[in-house]
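Asker: Just need the structure, nothing else, for what follows:
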Amino acid sequence: VISEVFDVQNTRWTHWTPEDNPILSEQRKQEIYDVLSKNPYLLERDWYGKRVMPQGVIYSMFDMNKNVEHAVLGERFEMFFTADGGQSDATSCSCIIVTRFQGKFRLMRVANYCHSGAETGQVKAMSVYAKEIKVFIEWCVKRFEMRYTEVFVDPACRSLREELHLLGINTTGADNNAHDVKGSSKGIEVGIERLQNSIANEQFYIVECD
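Answerer: Below is the predicted model:
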């Protein structure tokens, strides 16, 4: 049917939207819209067919009222860390606790270490970052009274991983979505969509603690 539409109308579309699809019923279009409307980025791209750059879209979705809590919600299941390193770019390490609250698994980012050489004018060696991250991890273990399961590090930051190994901290290369494909999305865009969906579905929170 779709090929016949192209042949009859001699149409060349650079963007495809639900309105362009003759197979979709009005009910199905409404269902699609209801899902996409939770995410401004996906709404612009998949409903209106606009070219939308993914950079910064996570921050534009984040609501300081809805997505911030002052305590860890629900039953705790797991604690893990994610880290990325750079000397001019920021080096960061996040502590995340997986909980189950009101029938949903949720990611609660309870603490974060971050230092930017570019912003502070102070460039640190990767060995120094590793030592500071080790102190941060130990603080989180004591503060939240949980053992951690993994320390995920961006696979591109091999130096940080090796420095952490020297300090006795085992790490795992983070899945940076480089080879993931989901519909028309590829690579990092897939990861961005997944975090956007987590925010829209109230499954990702930042927890303010001391």
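
Asker: And the lengthiest helix in the chain, what does it pack against?
Answerer: Using DSSP state H, we find that the single longest helix of the chain is helix 126-144. With contacts defined as 3 or more CB pairs under 8 Å, 6 or more residues apart in numbering; DSSP states H and E, the packing partners of helix 126-144 are strand 75-84, strand 90-101, strand 104-116, helix 158-166. All C-beta atoms are positioned from the backbone trio N, CA, C, and that covers glycine.

Asker: The first one versus strand 104-116: what angle between them?
Answerer: Going by axes from the mean of the first three to the mean of the last three CA atoms, to 10 degrees, strand 75-84 is angled at 30 degrees with respect to strand 104-116.

Asker: Now strand 75-84: buried residues?
Answerer: In terms of neighbour count (16 or more other CB atoms under 10 Å), strand 75-84 has its buried residues at Met79, Phe80, Phe81, Thr82, Ala83, Asp84.

Asker: Same question for the last one.
Answerer: Judged by neighbour count using 16+ other CB under 10 Å, the buried positions of helix 158-166 are Ser159, Leu160, Arg161, Glu163, Leu164.

Asker: which is the next helix or strand following the longest helix of the chain?
Answerer: Later in the chain than helix 126-144, the nearest helix or strand by DSSP states H and E is strand 151-153.

Asker: Check which element follows the helix or strand bottoming out on mean pLDDT in the chain along the chain.
Answerer: In the chain, no helix or strand scores lower on mean pLDDT, DSSP states H and E than helix 2-9, which sits at a mean of 53. Once the chain leaves helix 2-9, the next helix or strand it forms, by DSSP H and E, is helix 26-36.

Asker: What residues sit buried inside that following helix?
Answerer: Buried positions in helix 26-36, judged by neighbour count with 16+ other CB under 10 Å: Ile32, Leu36.
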